[in-house]
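> No letters, just coordinates:
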């Protein structure tokens, strides 16, 4: 089993903990990441739906039931 090293992570936002306007500096990066993730997730979902129909058609064309 591996040894687990407990390292503390430096909180670079600690000085802005009570400042609700501090997020403005990197909000565009956050939204950009969310948009990219949303598009990738949508593409994965569409592929899964496409392939499930594809395999269902293969199985039913061979006389198998799904």
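On my side now, so go ahead. All figures in this text were calculated on a predicted structure; none of them were measured in a lab. Numbering: from 1, shown residues only.

> For residue 24, see how far away residue 58 is.
In this structure, residue 58 lies at 52 Å from residue 24, with CB to CB, to the nearest Å as the measure. To be clear about C-beta, it is placed using only N, CA and C from the backbone, and glycine gets the same treatment.

> And residue 40, by the same measure?
Residue 40 is 26 Å from residue 24, where distance means CB to CB.

> same check, this time on residue 41
27 Å.

> Next one, pLDDT for the residue nearest the centre of the chain please.
Centroid check for the chain by CA atoms, centre = their mean gives residue 37 as the closest residue, at 5.3 Å. On the pLDDT scale, residue 37 is placed at 81.

> Does it lie in a helix or a strand, and which?
For residue 37, the element it lies in under DSSP states H and E is helix 27-61.

> Assign residue 12 to one of the three secondary structure states.
Reducing the assignment at residue 12 to three states with DSSP: H, G, I helix; E, B strand; the rest coil gives coil.

> For residue 22, grab the count of nearby residues.
13 (other CB atoms under 10 Å).

> In this structure it contacts residue 16, no?
Yes: counting by CB atoms under 8 Å, residue 22 touches residue 16, with 3.5 Å between them.

> how far away is residue 27 from residue 16?
Relative to residue 16, residue 27 is positioned 13 Å away (criterion: CB to CB).
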